[in-house]
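Engineer: structure here, sequence nowhere to be found:
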């Protein structure tokens with residue numbers, strides 16, 4: 001959860017009078033992206049947290065204890081040198097941007113300084129500027145807020161809003177698109193207060209106008225009702241569990257965020273990295289697909305060249321196009337020409353293009369195969385991250401290009417292990433572990449299971465020279481479906497075969513196999529397996 005612009009405004013409104021003339025006595029670093037400023041004023045100590053974490057960027061006061069500080073970075077040392085002991089003059093938000101400025105006026109003949117916090121969610125930045133605006137030091141990219149060409153939400157009346165709205169769009173989508181600085185959470189709240197359906201176009205413009213004007217009147221007057229919703233979201237409009245101040249509500253909403261990141265935060269970060277790599281590979285596949293489509297024109301260009309050579313006397317000089325009757329005399333063919341070339345030279349140009357495309361075809365097809373293998377690996381990795389049950393498992397899952405995986409690392413964790421009717425069932429936790437499970441640990445006469453044509457875990461049914469029971473085979477198929485991309489479906493097709501018939505193609509990414517002599521089962525991933533018992537890994 002990131003701090004939106006309106007909740008940031010409410011927090012800054014409270015911080016202004018609390019921190020005015022307070023001096024930072026200690027500046028420390030709780031983690032790589034979390035800073036703690038301890039301000040002191042007569043009879044009062046205030047602790048301000050500034051977090052630059054992409055998924056939890058924010059600033060607010062703290063009341064609860066914090067973990068021990070880590071070794072300060074060079075930027076933290078710079079902040080201590082210039083800011084400790086100086087009085088803070090002003091805390092202000094820049095418009096409705098997620099940007100806050102903390103102004104430190106001239107102090108004991110030392111020039112004025114400004115601490116600028118910019119937390120859009122990604123590329124968060126904390127910068128220290130001198131009075132001329134020069135950056136003395138920064139954490140993150142030294143960027144400035146992007147310009148917006150939409151009118152600021154807090155500058156419009158309800159009547160002006162109605163003129164800007166796209167009345168054909170659902171309100172919860174049309175409101176944030178029409179103005180700048182209105183988070184979707186509050187757009188939905190305004191629509192609900194107007195008694196309208198957020199998923200439908202406006203039906204009562206007057207009610208929407210009143211709700212809009214009332215919302216911004218409360219906002220400008222500072223009539224905040226700090227609360228944390230049932231979904232853990234921070235709100236200044238009183239929906240959920242109430243708190244005395246926005247600072248306390250923010251601390252509660254992000255309870256534990258200043259400590260070491262939990263499993264879900266680690267999972268979110270890992271999924272973000274994989275999604276970024278997937279987007280890159282999908283874009284590459286799209287480009288290769290278009291290039292491959294061009295190679296299919298090789299025969300056409302050759303045909304045009306031959307037709308042009310056979311009809312040279314019908315082609316005028318310096319023509320840009322020519323229409324010729326085809327060899328079968330069934331139709332006419334339009335051919336684009338280069339006016340600076342002779343008809344014979346244009347034919348040779350078409351032949352060269354045809355040969356070039358024919359040579360490129362196999363090369364592009366190989367690149368498509370490589371990019372497809374990369375995409376399949378990333379989909380397997382995405383599924384493994386989503387199903388990981390511990391931080392240790394997540395630490396093994398890091399996307400790397402195919403060419404850098406020639407020697408895959410040995411997985412540090414073991415497979416999930418189950419037993420039924422005296423037969424052990426092993427389930428791989430990630431692509432690298434799938435490889436080791438199938439090609440190193442399983443015996444040739446064990447049974448191998450996998451969801452058909454879907455990313456998922458390799459499941460091994462240990463036969464140990466015996467014929468597995470039908471119940472054990474069914475349980476292995478259900479586990480393969482349960483640990484696949486189709487785990488939410490009611491029916492999943494699962495293939496199984498002997499391990500001896502499962503092969504790994506040379507140079508393929510972890511988890512990639514080909515197999516034959518398979519049998520298929522259709523199972524329900526949610527089917528109860530009452531006799532299945534999990535063993536310690």
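Structural biologist: Arrived safely. The model shown is predicted, which means the values in this text are computed figures rather than measured ones.
Engineer: what's the helix or strand where residue 78 lies packed up against?
Structural biologist: Taking DSSP states H and E as the criterion, residue 78 maps to helix 74-83. Using 3 or more CB pairs under 8 Å, 6 or more residues apart in numbering; DSSP states H and E, the elements in contact with helix 74-83 are strand 23-31, strand 113-118, strand 125-130, strand 135-139. Placement of C-beta: from N, CA and C, glycine included.
Engineer: ok, then the element right after that helix?
Structural biologist: strand 90-93.
Engineer: give me the sheet partners of whichever helix or strand comes after that next one and which way each runs.
Structural biologist: Going down the chain from strand 90-93, the next helix or strand is strand 99-104, by DSSP H and E. Strands adjacent to strand 99-104 in the sheet, as given by DSSP bridges, are strand 90-93 (antiparallel), strand 113-118 (antiparallel).
Engineer: hmm, back to that, got the angle between the helix holding residue 78 and strand 99-104?
Structural biologist: Helix 74-83 and strand 99-104 are oriented at 40 degrees to each other (axes from the mean of the first three to the mean of the last three CA atoms, to 10 degrees).
Engineer: ok, back up a step: deepest of the strands paired with strand 99-104, which one?
Structural biologist: Of these, the one with the most neighbours on average (mean count of other CB atoms under 10 Å) is strand 113-118, at a mean of 22.
Engineer: list the contacts of that strand.
Structural biologist: 50, 59, 79, 82-83, 86, 97-104, 124-131, 136, 143-145 (CB atoms under 8 Å, 6 or more residues apart in numbering).
Engineer: redo the strands paired with strand 99-104 as a markdown table? Include distance to residue 32 and mean pLDDT.
Structural biologist: Shown next, in a markdown table, are the strands paired with strand 99-104 (distance: least, CB to CB, whole Å; pLDDT from 0 to 100):
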| stretch | distance to residue 32 | mean pLDDT |
| --- | --- | --- |
| strand 90-93 | 24 | 94 |
| strand 113-118 | 16 | 94 |
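Engineer: of all the ones you listed, which lies closest to residue 472?
Structural biologist: strand 113-118 (57.9 Å; CB to CB).
Engineer: chain center to the worst-scoring helix or strand of the chain on mean pLDDT, what's the gap?
Structural biologist: The least trusted helix or strand in the chain, going by mean pLDDT, DSSP states H and E, turns out to be helix 391-395, with a mean of 75. Between the centre of helix 391-395 and the centre of its chain there are 19 Å (CA atoms, centre = their mean, to the nearest Å).
Engineer: tell me who's in contact with the nearest residue to residue 285 once chain neighbours are set aside.
Structural biologist: Excluding its sequence neighbours, the residue lying closest to residue 285 (CB to CB, 6 or more residues apart in numbering) is residue 371, at 5.0 Å. Counting by CB under 8 Å, 6+ apart, residue 371 touches 281, 284-285, 288.
Engineer: swap in residue 390?
Structural biologist: By CB under 8 Å, 6+ apart, the neighbours of residue 390 are 263, 413.
Engineer: can I get the helices and strands packed on helix 74-83 in CSV with distance to residue 184?
Structural biologist: Shown next, in CSV, are these (distance: least, CB to CB, whole Å):
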stretch, distance to residue 184
strand 23-31, 29
strand 113-118, 21
strand 125-130, 24
strand 135-139, 28
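Engineer: give me the low-pLDDT residue ranges for the stretch 101-250 of the chain?
Structural biologist: Applying pLDDT under 70 to the stretch 101-250 of the chain flags residues 141-149.
Engineer: now the strands: where do they sit in it?
Structural biologist: 113-118, 125-130, 135-139, 227-228, 234-235, 241-242 (DSSP state E, counting those that start in this stretch).
Engineer: the fifth one pairs with which strands, and in what direction?
Structural biologist: With DSSP bridges as the test, strand 234-235 is paired with strand 227-228 (antiparallel).
Engineer: pull the residues that contact the strand it pairs with.
Structural biologist: Contact with strand 227-228 is made by 234-243, 249, 252-253, as judged by CB under 8 Å, 6+ apart.
Engineer: just send those residues back as JSON lines, with distance to residue 381 and neighbour count too.
Structural biologist: Shown next, in JSON lines, are the contacts of strand 227-228 (distance: CB to CB, whole Å; neighbours: other CB atoms under 10 Å):
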{"residue": "234", "distance to residue 381": "33", "neighbour count": "28"}
{"residue": "235", "distance to residue 381": "36", "neighbour count": "25"}
{"residue": "236", "distance to residue 381": "40", "neighbour count": "23"}
{"residue": "237", "distance to residue 381": "40", "neighbour count": "22"}
{"residue": "238", "distance to residue 381": "43", "neighbour count": "14"}
{"residue": "239", "distance to residue 381": "38", "neighbour count": "16"}
{"residue": "240", "distance to residue 381": "36", "neighbour count": "19"}
{"residue": "241", "distance to residue 381": "38", "neighbour count": "14"}
{"residue": "242", "distance to residue 381": "43", "neighbour count": "13"}
{"residue": "243", "distance to residue 381": "40", "neighbour count": "19"}
{"residue": "249", "distance to residue 381": "37", "neighbour count": "26"}
{"residue": "252", "distance to residue 381": "35", "neighbour count": "17"}
{"residue": "253", "distance to residue 381": "31", "neighbour count": "25"}
